[in-house]
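Asker: show me the folded form of this:
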Amino acid sequence: MMKDEFRKFISNFPFLTSDEAEIIVENTELREFSKGDILLNEGSISTNCYAVIRGCVREYYIKDGLEKTTGFFTEGQSVNSFSSYTNQVPSKHFLECSEDSLLTIGNQSLVDQMCERIPRLMEFIKNEVEKDAGALQERMATFMTSSPEERFSDLMDNNPSLLNRVPQHQIASYLGVTPESLSRIKKRNHQKKG
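Answerer: As a prediction, the model looks like this:
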């Protein structure tokens, strides 16, 4: 069942032959996680990288005793703590499953093994890492230069289902507002559309 879901996910990468896709499916660890499961604790050194096949993972920091959500990762997105994983230093954030999730679990050894068997994969991985880095840079720039209303509009344009998938206080934190301010923003947004 899990492998079938992963096969369907892999079929979104048409540059892979069916034999190459099957090599990846057979050699990739898949695991189901429950809502609330912690993938990485603050202070731990990241040893794994993940990809979301089904579900949602949240990245957050604890600042002054409060959770500050900095990212959500849903189907098709990779979830990594690059600074901790690459430099083997303690993580400054947490990664937590916001929903029951099916994730791939990888590490450098697996990546090296797959790239040895499928050499074209290295270029794909490089492009995906660059794409993720660019998306993160854009997300940070947008957050720094936009109003809470603009951030909410951006969320509605790019990932509207998130509003029904995670608690509203986490959405508010992600947008940099209080839950009460998020309610007002949603109400104004609804009135504009009505």
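
Asker: tell me where this protein has strands.
Answerer: Along the chain, counting by DSSP state E, strands occupy 29-33, 38-40, 49-54, 56-63, 66-74, 78-79, 94-97, 101-106.

Asker: using PDB, write out every CA atom in the longest one.
Answerer: Once non-C-alpha atoms are left out, strand 66-74 reads as follows in PDB (Å, rounded to 0.1, in the frame of the first residue of the first chain):
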ATOM      1  CA  LEU A  66       6.100  30.400  22.500                       C
ATOM      2  CA  GLU A  67       6.000  28.300  19.300                       C
ATOM      3  CA  LYS A  68       6.900  30.300  16.200                       C
ATOM      4  CA  THR A  69       5.900  28.500  13.000                       C
ATOM      5  CA  THR A  70       8.200  29.100  10.100                       C
ATOM      6  CA  GLY A  71       7.200  26.600   7.500                       C
ATOM      7  CA  PHE A  72       4.700  24.000   6.400                       C
ATOM      8  CA  PHE A  73       5.600  21.200   4.000                       C
ATOM      9  CA  THR A  74       3.000  19.200   2.100                       C
END
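
Asker: returning to that earlier point: which stretch among the strands of the chain comes nearest L182?
Answerer: With C-beta to C-beta, the closest approach to L182 among these belongs to strand 66-74: 12.0 Å. For glycine as for every other residue, the C-beta is placed from the backbone atoms N, C-alpha and C.

Asker: list the contacts of S83.
Answerer: The contact partners of S83, taken as C-beta atoms under 8 Å, 6 or more residues apart in numbering, are 89, 91-92.

Asker: pLDDT on stretch 141-156, on average?
Answerer: For stretch 141-156, mean pLDDT is 89.

Asker: how about stretch 171-183?
Answerer: Averaging pLDDT along stretch 171-183 gives 93.

Asker: tell me how far the ends of stretch 145-163 are from each other?
Answerer: Using C-alpha to C-alpha, to the nearest Å, one end of stretch 145-163 lies 22 Å from the other.

Asker: give the buried residues for stretch 49-66.
Answerer: By 16 or more other C-beta atoms under 10 Å, the buried positions in stretch 49-66 come out as 49-60.

Asker: surely F72 touches V57?
Answerer: Yes: in this structure, F72 is within contact of V57 by C-beta atoms under 8 Å, at 7.3 Å.

Asker: got the confidence number for the residue nearest the centre of the chain?
Answerer: The chain has F73 as the residue nearest its centroid, 2.2 Å off, counting by C-alpha atoms, centre = their mean. pLDDT recorded at F73 is 94.

Asker: may I see the buried residues of stretch 49-66 organised as TSV, with distance to N12 and pLDDT added?
Answerer: Converted to TSV, those look like this (distance: C-beta to C-beta, whole Å; pLDDT from 0 to 100):
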residue	distance to N12	pLDDT
C49	18	91
Y50	17	94
A51	11	92
V52	13	96
I53	11	96
R54	13	96
G55	17	97
C56	18	97
V57	19	97
R58	23	97
E59	23	96
Y60	28	96
